[in-house]
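J.: generate coordinates for the sequence data below:
(one chain, ligands or ions: 1)
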Amino acid sequence: MKRAHVFLGPPGSGKGTQAKLLAERFALTHMSTGDILRDAVSKETEIGLRVKAVMAAGNLVDDDTVNGLVFARLQGKTTDVLFDGYPRTLQQAEALAEFLSSRGLELGLVVDIEVPEAALESRVVKRRVCSESSCGAIYHLDRKPPKTTGLCDLCGSPLKHRSDDTAEAFRSRMETFNATFKPLQAYYEGSPNYRLVDGSGTPDEVYEVVVKIFEERA
Ligand code: AP5
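T.: Below is the predicted model:
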């Protein structure tokens with residue numbers, strides 16, 4: 001691994017949808033801290049049991065826990081990494097910068113996907129995800145429904161509704177985002193690697209823009 005790219009954006013902005021496509025296209029390791037934490041919850045690990053209620057309530061897991069999970073997974077990685085949902089706080093951004101520089105690694109692109117808040121709730125409440133963690137395909141009941149109701153097109157596993165994808169948990173996640181995002185955005189905004197992307201178009205339209213950003217940088 002030489003570089004770590006970062007996707008920023010509010011809940012439902014399309015980070016996961018775009019990160020999966022980009023990772024495949026550019027042979028990157030997609031690392032979603034949400035997926036890592038949900039996996040820990042479903043396996044009832046010590047961390048999973050500790051963070052379950054925090055996540056269900058739409059709050060952030062503490063920085064030390066998240067940084068620890070991420071840094072353990074970066075050890076020995078050979079491909080560049082694309083983070084989705086990390087860093088989420090100024091402290092996480094600073095810890096990542098320190099981790100990278102102490103190993104002679106670089107921060108890659110920082111893609112900030114901006115979507116008006118009014119468009120986000122229905123994206124999240126109508127999202128369904130593949131229950132097979134190695135697949136994790138993302139659907140939307142209206143805009144990207146599976147071919148067979150309730151089953152993943154890619155691997156045939158049942159689809160599930162995330163426990164934090166209710167309207168109530170979404171509002172709490174948005175509050176958390178609005179309370180924490182500005183300092184994080186300010187930290188990256190001045191960097192030559194930072195790109196603000198309009199995420200309000202269709203997934204294909206957003207993908208076209210993001211691919212160009214990665215191609216220009218390659
Ligand atoms: P996480 O899993 O990271 O959730 P999130 O940031 O809230 O983001 P989402 O996964 O909801 O949305 P997304 O932007 O990936 O959108 P998606 O592509 O799926 O985190 C969950 C929880 O874990 C947090 O609340 C926290 O507790 C904890 N956590 C995680 N990371 C942490 C960290 N670093 N520090 C502390 N705590 C952490 O798309 C959403 C839907 O919209 C889908 O249905 C999709 O089909 C649809 N869609 C996508 N793009 C479009 C489009 N362009 N137009 C229309 N629909 C679209």
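J.: just the element for the residue in the chain sticking out farthest from the centre, please.
T.: For the chain, the largest distance from the centre (Cα atoms, centre = their mean) belongs to Thr148, which lies 26.1 Å off. Here Thr148, judged by DSSP states H and E, is contained in no helix and no strand.
J.: how much space between it and Leu154?
T.: 12 Å (Cβ to Cβ, to the nearest Å). Bear in mind the C-beta positions are built from the backbone N, C-alpha and C, glycine included.
J.: then Thr65?
T.: Taken as Cβ to Cβ, the span from Thr65 to Leu154 is 30 Å.
J.: likewise Ala19?
T.: Distance from Ala19 to Leu154, counting by Cβ to Cβ: 16 Å.
J.: these two: which has the busier surroundings?
T.: Neighbours were counted for Ala19 and for Leu154 using other Cβ atoms under 10 Å; Ala19 has more, 23 against 12.
J.: quick one: residues contacting the closest residue to Thr65 other than its chain neighbours.
T.: Nearest residue to Thr65 in three dimensions, chain neighbours excluded: Ile47, at 6.2 Å (Cβ to Cβ, 6 or more residues apart in numbering). For Ile47, the contacting residues are Leu37, Ala40, Thr65, Leu69, by Cβ atoms under 8 Å, 6 or more residues apart in numbering.
J.: just checking, Asp204 is part of a strand?
T.: No. Remark: Asp204 does not belong to a strand; assigned using DSSP: H, G, I helix; E, B strand; the rest coil, it is helix.
J.: tell me how far it lies from Arg103.
T.: Between Asp204 and Arg103 the computed distance is 36 Å (Cβ to Cβ).
J.: and the ligand, is the lengthiest strand in the chain touching that?
T.: For the chain, the longest strand by residue count, based on DSSP state E, is strand 106-114. No. Using Cβ under 6 Å from any ligand atom, strand 106-114 never reaches the ligand; the gap is at least 7.0 Å.
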